[in-house]
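**Q** Prediction below, plus the sequence it came from.
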Amino acid sequence: AWLKVNVGLHTPVRTLHPASLLSQLASAQCSDAKGKLAPLDRIGLLSDSFALMRVGLLGIHETLTFIEKTMATEEDPLVWSCAVIVITRLAKIFGAVAPSLLSFAARIVLPLKRRLGWTAPPDGETVDDATLRPQV
């Protein structure tokens with residue numbers, strides 16, 4: 001079982017979840033289980049993880065592992081928008097000293113890009129897919 005602090009992001013604070021809990025939260029978001037968090041809370045977890053990594057309270061490995069696990073099955077365009085911002089900022093911070101970060105970013109984004117393709121299918125698509133395509 002897991003507990004997400006600051007559900008709904010009603011309080012403007014960063015929440016440092018222990019690495020083991022962060023891993024459980026990421027795993028829970030990869031399923032269609034009843035306990036999946038709302039998109040706003042998934043955005044909050046991504047944002048908190050990045051911010052806490054930047055100030056040294058969360059390791060880069062834990063942050064990248066969380067992003068990779070969380071985004072593996074993510075379909076929400078707002079969560080993807082946040083993830084793209086976080087990955088872009090990580091590349092700006094660490095890109096020169098960690099060129100493998102670009103391959104990490106590609107590994108995160110490519111499965112979704114392959115599913116979406118470059119253009120909309122002739123028979124139409126969902127609003128979410130239309131919103132996601134330019135982001136990834």
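**A** Nice, I can see it. All values derive from a computational prediction rather than experimental measurement.

**Q** Would you confirm that residue 60 contacts residue 97?
**A** No - the criterion here is C-beta atoms under 8 Å, and residue 60 misses it with residue 97 at 11.0 Å. Placement of C-beta: from N, CA and C, glycine included.

**Q** and these two? which has more neighbours close in?
**A** When residue 60 and residue 97 are compared on other C-beta atoms under 10 Å, the one with more neighbours turns out to be residue 60, at 15 against 7.

**Q** Now that one: closest residue in space, sequence neighbours ignored.
**A** For residue 60, ignoring the flanking residues on the chain, the nearest one in space by C-beta to C-beta, 6 or more residues apart in numbering is residue 53 at 5.9 Å.

**Q** Where does the one you found fall, secondary structure wise?
**A** helix 39-54 (DSSP states H and E).

**Q** From residue 71, how far out is residue 81?
**A** From residue 81 across to residue 71, the span is 12 Å (C-beta to C-beta, to the nearest Å).

**Q** These two: which is more packed in?
**A** Remark: of residue 81 and residue 71, residue 71 carries more neighbours, 25 against 15, as counted by other C-beta under 10 Å.

**Q** Just the pLDDT at the more buried one, thanks.
**A** The score at residue 71 is 88. That number is its pLDDT.
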